[in-house]
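*Asks:* fold the following and give me the result.
(one chain, ligands or ions: 3)
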Amino acid sequence: MSTAATIDKISSIIDQNKDALIARLAEAVEIPSVSGSAKYRPQVVEMAKWMAKSLESIGCENIQFKELGNQKLDGQDVGLPPVVFADYKSGGAGKKTLLIYGHYDVQPANKSDGWNTEPFKLVHDEKTGRLYGRGSTDDKGPIIGWINTIEAHRQAGIELPVNLKFCFEGMEESGSVGLDGLIENEIKNGSFFDGVDAACISDNYWLGTKKPCITHGLRGIQYFKLSISGPGADLHSGLFGGVVHEPMSDLFQIMSRLVTPAGEILIPGISDLVRPLTDEEFNRYQIMDFTVKDMDDATGSSTTIADDKEKILMARMRYPSLSLHGIEGAFSEAGTKTVIPAKVIGKFSLRLVPDMTPDKVVELVEKYVQSEWKKIGSKNTLKLDAEPGGKPWLADPNHWNYEAAIRATEKIYGVKPDLTREGGSIPVALTIADILGKNLLLLPLGRADDGAHSTNEKIDILNYIEGTKLLGAYLHEVAAATS
Ligand SMILES: C[C@H](N)C(=O)N[C@@H](Cc1c[nH]cn1)C(=O)O
Ligand SMILES: [Zn+2]
Ligand SMILES: [Zn+2]
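*Replies:* Residues are numbered from 1 along each chain as shown. Ligands and ions are numbered 1, 2, ... in the order given. You can find the predicted model right below:
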């Protein structure tokens, strides 16, 4: 059978399976595998077991739970969720082997954050053809897409044209703690990664809502927690307002000196680390199929800082950013409590681009925050904690892995995909690319307006089903590619 006929046959089985594939995603969404909170750790482990069971059901072998030890979280000592390794051995000599990475953990979600539906229940909106639920697009839909496509091959009696090695982690949304070390150790002492020819991750999004893309870069991330404490307990502002240095006023001072409302990072030395823009790179932004409206649709507003396409694209893909995320310990409920919080923790992060490194960023931020703190002259105590960082990643797209993904996209969607860089971060990407020394590609399923990390996260059924077909088509195009 020709590659095109095989892809058609697999695609028609995926279409027939549609309801079952939605039910599979629903099962996964119902497990609240939130990695960032100690309270949900048992559910993250439950999700690892669910993954292992699903991988076994489609014929994977050598399924292993790689334990990573413990971590301190929310003041407790909790076990890290395991990394799930599995092999899909297709048999037959001379087949390529692909490493597939994904994550089974999710960001936190509460209905009270502003969700229209229960976040850990997959809700099918028949009118729009959308599936709402935490993890639907980030990253449960995509990782289940791999399972779906293998299942369709087995049902069609078509051998997979490549061997697969799966690496699914449960800590991606919380800094991928322990994963780099595990991979390094496995390469030194184990054999799981032997024979890998290239790698693919499906864990990002199209640039807009209509046109697929493939992605050759990610920003890195460095997250900070800035604690300011002073009074021995929360105080009455009538009795102590104007009398003591207030932790919250100090924190606002420091936080407001990190970034301007126009997004300019105020920390000296950061912009010097950014790789200069070349004409060739600028040309890539000019030809990307993207409008300001696409960004407005994705944000549900007209609030872009820049008004032209190239500046918006570069702000997301090639420049660093600094975002303020929240304040722990501050009064945040409805009503008018007149309290002076005794301790507040400001949360902020920087997205990193080539040639920034987490270590260098931590050094610059620490130096700046300490110097600003001295200027404030408060008697309170400041402590800055840096979370584990993730480096940026940029790949050369002139590789058979990318050519295969382009052809697969053309077959499924009938268009040549945009070649993009992603603004988000996948800390392990650089490890896979550098330590394994193999080409890595990002092949997204979801759209820009999916609301990953946000309220009402969704994946369109079209993206989930066509995306499942795309992953299958990609495997066939990889097999057909001349390396
Ligand atoms: C791009 C990927 N789907 C994702 O959302 N990654 C997270 C990773 C993260 C979260 N905290 C630390 N790293 C992201 O980019 O925020
Ligand atoms: Zn993700
Ligand atoms: Zn995410």
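*Asks:* use CA for all of it now, contacts and neighbours both
*Replies:* OK.
*Asks:* give the next helix or strand downstream of the helix or strand of the chain with the lowest mean pLDDT.
*Replies:* Here the helix or strand of the chain ranked lowest by mean pLDDT, DSSP states H and E is helix 429-435, holding a mean of 90. Tracing the chain C-terminally past helix 429-435 and defining elements by DSSP states H and E, one meets strand 439-442 next.
*Asks:* spell out which residues of the stretch 351-483 of the chain are next to ligand 1.
*Replies:* G424, S425, I426 (Cα under 6 Å from any ligand atom).
*Asks:* ok so, going back, what helices or strands is the least confident helix or strand of the chain leaning on?
*Replies:* Where contact means 3 or more Cα pairs under 8 Å, 6 or more residues apart in numbering; DSSP states H and E, helix 429-435 is packed against helix 179-189, strand 439-442.
*Asks:* so which of the ones you listed is the most surrounded?
*Replies:* Ranked by mean neighbour count, the helices and strands packed on helix 429-435 are led by strand 439-442 with a mean of 26 (mean count of other Cα atoms under 10 Å).
*Asks:* and the contacts of that strand?
*Replies:* Strand 439-442 is contacted from outside by 197-204, 214-216, 395-396, 399, 401-402, 429, 432-433, using Cα atoms under 8 Å, 6 or more residues apart in numbering.
*Asks:* ranges for the strands of the stretch 351-483 of the chain?
*Replies:* Per DSSP state E, counting those that start in this stretch, the stretch 351-483 of the chain carries strands over the ranges 381-386, 393-394, 418-422, 439-442, 458-460.
*Asks:* for these, give me JSON lines that also has mean pLDDT.
*Replies:* Supplementary listing: the strands of the stretch 351-483 of the chain in JSON lines, determined by pLDDT from 0 to 100:
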{"stretch": "strand 381-386", "mean pLDDT": "98"}
{"stretch": "strand 393-394", "mean pLDDT": "96"}
{"stretch": "strand 418-422", "mean pLDDT": "95"}
{"stretch": "strand 439-442", "mean pLDDT": "97"}
{"stretch": "strand 458-460", "mean pLDDT": "98"}
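*Asks:* switch those over to JSON lines; also include distance to S112.
*Replies:* Below are those laid out as JSON lines (distance: least, Cα to Cα, whole Å):
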{"stretch": "strand 381-386", "distance to S112": "29"}
{"stretch": "strand 393-394", "distance to S112": "35"}
{"stretch": "strand 418-422", "distance to S112": "29"}
{"stretch": "strand 439-442", "distance to S112": "33"}
{"stretch": "strand 458-460", "distance to S112": "17"}
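*Asks:* close to ligand 2: what parts of the stretch 151-300 of the chain are there?
*Replies:* By the rule Cα under 5 Å from the ion, the part of the stretch 151-300 of the chain lying against ligand 2 is D203.
*Asks:* name the residue of the stretch 151-300 of the chain that lies nearest to ligand 2.
*Replies:* D203 (4.8 Å; Cα to the ion).
*Asks:* wait, that residue touches G141, no?
*Replies:* No. In terms of Cα atoms under 8 Å, D203 does not count as a neighbour of G141; the distance is 9.3 Å.
*Asks:* with neighbour numbers in mind, choose between those two.
*Replies:* Ranked by neighbour count (other Cα atoms under 10 Å), D203 and G141 place G141 first, with 33 against 23.
*Asks:* distance of the more buried one from ligand 1?
*Replies:* Separation of G141 from ligand 1 (Cα to the nearest ligand atom, to the nearest Å) stands at 11 Å.
*Asks:* now the helices for the stretch 251-400 of the chain?
*Replies:* Along the stretch 251-400 of the chain, counting by DSSP state H, counting those that start in this stretch, helices occupy 279-287, 292-299, 309-317, 358-376, 400-413.
*Asks:* residues in contact with R407?
*Replies:* K416, Y474, E477.
*Asks:* nearest to ligand 2 among the residues you listed?
*Replies:* Y474 (20.1 Å).
*Asks:* not counting sequence-adjacent ones, nearest residue to that closest one?
*Replies:* A408 (5.0 Å; Cα to Cα, 6 or more residues apart in numbering).
*Asks:* correct me, but K309 touches F290?
*Replies:* Yes. Applying Cα under 8 Å as the test, K309 and F290 come out as touching, 7.0 Å apart.
*Asks:* how's the chain carved up into domains?
*Replies:* Here the domain assignment for the chain is 3-219+392-480, 221-274+319-386, based on automatic domain parsing.
*Asks:* near ligand 1 at all, stretch 165-185?
*Replies:* Yes. Counting by Cα under 6 Å from any ligand atom, contacts between stretch 165-185 and ligand 1 involve E172, E173, S174, G175.
*Asks:* again with stretch 87-103
*Replies:* No. Stretch 87-103 stays clear of ligand 1 (Cα under 6 Å from any ligand atom), getting no nearer than 8.6 Å.
*Asks:* pull the residues that contact that stretch.
*Replies:* With Cα under 8 Å, 6+ apart as the criterion, stretch 87-103 contacts 59-63, 139-140, 142-143, 159-172, 193, 195-203, 478-479.
*Asks:* list the residues that contact the residue lying closest to E310 once chain neighbours are set aside.
*Replies:* Closest residue to E310 apart from its sequence neighbours, by Cα to Cα, 6+ apart: Y285 at 5.6 Å. Going by Cα under 8 Å, 6+ apart, Y285 touches E310, L313, M314.
*Asks:* also P341?
*Replies:* Counting by Cα under 8 Å, 6+ apart, P341 has contacts A233, D234, L235, E246, P247, M248, G329, A330, F331.
*Asks:* could you measure from it over to D234?
*Replies:* For P341, the distance to D234 (Cα to Cα, to the nearest Å) stands at 5 Å.
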